[in-house]
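K.L.:
Sequence and predicted model, in that order:
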Amino acid sequence: MTTVEQRNLHRNTLNWEPADRLSLMLVLLLACGLRLLFFTGFYGSDEVTYLESAVGVLDGSWPRSDYVGSIRYGVNIPMAAFMKAFGISESVAGLWGLCTSVGEVGLVFVAARLFWGRQEAWLAALCLAFLPIHVHFAGRLMADAPLAFFLTLFFLATWIAEQRMHWLGYVAAGLALGTVFWIKDAVFFLSLPMLGLYIVVYRRWHGRWLWLAAGALLMVVANGLLMWRVQGDFFHLYAVGQRGLSRIAPVSSTSVEYYFKYLLLDVRHTFALFYLALGAAFMIFRRPERRAVFSRPEGYVLLWAFGFLAALSLLKLRQANYMLIFVAPLALLAGYFLAQLRPPVQRLLLGTLLLGGVVLSAFEQQAVHSFSANSRASVEFAQTHPAALVFAGTGATRADTYYRLLAAEPVLHPGLQSLSRLNEVLAGRPVPALVQPASEAFAVMDPQTVGWGHRQNSNWAERLASSCLSREADLTPAAMGVGRHIVNGVLTIVGWLPDALASRLTTKLSSALRPTPATVFRIGAPCFMRGPAAAGN
């Protein structure tokens, strides 16, 4: 970096004006409001595992586990801390994801302000604040929002440390990188080659990197000591993480263009963000000083964004949620690109981006709520039939676990039983685990989650042909989110299109708003009594 650029960085760091602080506060409020408005909540995936582990941390039991989600203490301990401070509820459990998601918007503002100026900072932060996938994961009790926050903090702290050449900056960057290990160790190990790539490209060989290594090592050792204390093995997280990678490999090993498909074609998660980032890259390399691009912040952001994109594309970590790893630098590039445009074009593109972000965030929320509506309704059905034994799919049984963990008082109704066990009951075989005496029994068939989590749950034909089952009623799907109003508005607009096109679009869009109701079947007393009830006698 030249002496002039160093002076500019120093000025940008210290000379924040009231307008800078006001812009930062405003974009943080917008980000927070949007994430609260489109809060996602229960889906049925690993958030149940994270919540269960957090409750275990909260009550001091610290359960032993060989599943990686249960020992990601960079997620579970902060969740437990929030619930300790504010009480156990879904909204409180989600505060860690919300705070880190909004916090990353703030980090992007600070980074762009340091790199370029206030306008770029405002635009880049807006791009991230309204990004559908970013809004979505702020409302999920998952590891992705905290992971993205600490990765962005690591890259920002590294840049500042490199300009200041002060040991404290390197320690801070190392601590942020070490926290990534606490959240997802696979991404920690992926970040190390990225740091090496930076050192090679920028030719930054010096002893201060040892301070960064010390900060990261401190966090890794602290995690190992906790694992040794709780799980009995210093390397437990690493061992479990490696087994987890081998399990997800067959699912995640899709084509190399996996992320490019989402970024360029299936844009429901990122809308136009990648196109604006490509515009920035094109603009940067068109300029006469392109040969010196890696002496400027633009080169650092390009390396950050496209380095992770390339690494994830080439490796086995190909899942939509991993896009959160590189959306912050893409937002920085998008903000830089928008700032170079003439005001009318800039306003048009920004308005389109923000409006599209709101609409797609609503659809992200509704897609989850539609998928889980019958699962949540099944739990409500079980609550209104406390003396009954209810068989349901994986989504419903996980919902039952989820809401039991969040309940203010002990839940009285029996736990939902997996639908995969219904065949044993219908065949008249005693089921030793089903010793709960019950006066009646029901089975819930949910078309929204059919086959999800357990393939046996999709085989309804054999069960429905049984004389033991009689149709009782259709469940009313549980309440949908605020986003349903936006989806309804889009459906109204679609209705104005030509009939053929409107029909196709309406069919697709309606599934995000109007889930097909689940059906409740009563299990006849003779069949039921010779099954679980007999086992309990």
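P.N.:
Structure received. Numbering: from 1, shown residues only.
K.L.:
tell me how far the lengthiest helix in the chain is from the chain's mean position?
P.N.:
Taking DSSP state H as the criterion, the chain has its longest helix at helix 343-384. Centroid displacement of helix 343-384 relative to its chain, using C-alpha atoms, centre = their mean, to the nearest Å, is 14 Å.
K.L.:
before we move on, what about stretch 283-298?
P.N.:
Using C-alpha atoms, centre = their mean, the offset of stretch 283-298 from its chain centre is 34 Å.
K.L.:
Report the mean per-residue pLDDT for it.
P.N.:
The pLDDT scores in stretch 283-298 average 80.
K.L.:
List the buried residues of it.
P.N.:
Under the neighbour-count criterion of 16 or more other C-beta atoms under 10 Å, stretch 283-298 has M283, I284, V293, R296, P297, E298 buried. Heads up, the C-betas are built off the backbone N, CA and C, glycines and all.
K.L.:
what does stretch 304-315 give?
P.N.:
Result for stretch 304-315 [16+ other C-beta under 10 Å]: buried residues W304, A305, F306, G307, F308, L309, A311, L312, S313, L315.
K.L.:
do you know how far the third one is from F260?
P.N.:
I take that to be F306. 11 Å (C-beta to C-beta, to the nearest Å).
K.L.:
Could you tell me the angle between the following helix or strand past the longest helix of the chain and helix 343-384?
P.N.:
Where DSSP states H and E defines the elements, the next helix or strand beyond helix 343-384 is strand 388-392. Angle, strand 388-392 to helix 343-384, by axes from the mean of the first three to the mean of the last three C-alpha atoms, to 10 degrees: 140 degrees.
K.L.:
L276 against V327, yeah?
P.N.:
No - when contacts are counted by C-beta atoms under 8 Å, L276 is not listed as touching V327 (11.9 Å).
K.L.:
neighbour-wise, which of those two wins?
P.N.:
Set L276 next to V327 and count neighbours by other C-beta atoms under 10 Å: V327 wins out with 27 against 23.
K.L.:
list the contacts for the more buried one?
P.N.:
Contact partners of V327, counting by C-beta atoms under 8 Å, 6 or more residues apart in numbering, are L128, L131, I133, H134, A148, T270, L273.
K.L.:
what's the closest of those to H369?
P.N.:
Proximity of those to H369 was ranked by C-beta to C-beta; the top entry is I133 with 16.5 Å.
K.L.:
ok, now how distant is the closest one from D20?
P.N.:
In this view, I133 and D20 are 27 Å apart by C-beta to C-beta.
K.L.:
neighbour count winner among these two?
P.N.:
The neighbour count for I133 versus D20, taken as other C-beta under 10 Å, is higher for I133 (24 against 18).
K.L.:
about what we covered before: helices - which of the contacts of V327 land there?
P.N.:
Short answer: the contacts of V327 in helices (DSSP H) are L128, I133, H134, A148, L273.
K.L.:
Of those, which is the nearest to V358?
P.N.:
Nearest to V358 among the ones in helices among the contacts of V327, with distances taken as C-beta to C-beta, is H134, at 12.6 Å.
K.L.:
now the closest one: how far from R35?
P.N.:
From H134 to R35 the distance is 8 Å (C-beta to C-beta).
K.L.:
Now do the shared contacts for these two.
P.N.:
S101.
K.L.:
Between these two, point out the one with more neighbours.
P.N.:
Each of H134 and R35 has its neighbours counted (other C-beta under 10 Å); H134 has more, 32 against 25.
K.L.:
Am I right that the more buried one is in contact with M323?
P.N.:
No - look at H134 against M323 with C-beta under 8 Å: they stay out of range, at 9.5 Å.
K.L.:
Pick out the residue nearest the middle of this protein.
P.N.:
When the chain is reduced to its mean C-alpha position, the nearest residue by C-alpha atoms, centre = their mean turns out to be F137, at 3.6 Å.
K.L.:
which residues sit in contact with that residue?
P.N.:
T40, G97, S101, D144, A145, A148, N321, L324.
K.L.:
The first one: how many residues sit nearby?
P.N.:
To tie it back to what came earlier, the one meant is T40. By other C-beta under 10 Å, the residues close to T40 number 27.
K.L.:
any idea how far it is from T492?
P.N.:
In this structure, T40 and T492 are 24 Å apart, going by C-beta to C-beta.
K.L.:
next one: the third one
P.N.:
Distance, S101 to T492, using C-beta to C-beta: 31 Å.
K.L.:
neighbour-wise, which of the two wins?
P.N.:
Neighbour tally, S101 and T492, criterion other C-beta under 10 Å: the higher count belongs to S101, 29 against 9.
K.L.:
Need the nearest residue in space to the more buried one, chain neighbours excluded.
P.N.:
What sits nearest to S101 in space, not counting adjacent residues and going by C-beta to C-beta, 6 or more residues apart in numbering, is A138, at 3.5 Å.
K.L.:
Confirm the residue nearest to the centre of the chain sits in a helix?
P.N.:
Yes - assessed with DSSP: H, G, I helix; E, B strand; the rest coil, F137 lies in a helix.
K.L.:
Assign a three-state SS to A478, would you?
P.N.:
From three-state DSSP, the assignment for A478 is coil.
K.L.:
Just want the phi and psi numbers for it.
P.N.:
phi -60, psi 160 (degrees, to the nearest 10).
K.L.:
Excluding sequence neighbours, find me the nearest residue to it.
P.N.:
R376 is the one closest to A478 (C-beta to C-beta, 6+ apart), at 3.6 Å.
K.L.:
Next one: the one you found from A479, what distance?
P.N.:
From R376 over to A479 (counting by C-beta to C-beta), the distance is 8 Å.
K.L.:
from what I can see S89 touches L406, true?
P.N.:
Yes - between S89 and L406 there is a contact under C-beta under 8 Å: 6.2 Å.
K.L.:
Name the residue in those two with the higher neighbour count.
P.N.:
L406 (17 against 14).
K.L.:
Can you name the residues that contact L141?
P.N.:
Going by C-beta under 8 Å, 6+ apart, L141 touches E47, Y50, L51, M79, E90, A93, G94, G97.
K.L.:
And for the first one, the neighbour number?
P.N.:
Put plainly, it is E47. 25.
K.L.:
same question, the third one
P.N.:
Neighbouring residues of L51 were enumerated by other C-beta under 10 Å; the total is 25.
K.L.:
Now it: which helix or strand?
P.N.:
Per DSSP H and E, the secondary structure element for L51 is helix 47-58.
K.L.:
CA atoms of that helix as CSV?
P.N.:
Extracted C-alpha coordinates of helix 47-58, given in CSV (Å, rounded to 0.1, in the frame of the first residue of the first chain):
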residue,chain,number,x,y,z
GLU,A,47,-32.1,-25.9,14.9
VAL,A,48,-33.7,-28.6,17.1
THR,A,49,-30.3,-30.1,17.8
TYR,A,50,-28.7,-26.6,18.6
LEU,A,51,-31.7,-25.7,20.9
GLU,A,52,-31.5,-29.1,22.7
SER,A,53,-27.8,-28.6,23.3
ALA,A,54,-28.2,-25.0,24.4
VAL,A,55,-30.9,-26.1,26.9
GLY,A,56,-28.4,-28.7,28.2
VAL,A,57,-25.8,-26.1,28.6
LEU,A,58,-28.3,-23.9,30.4
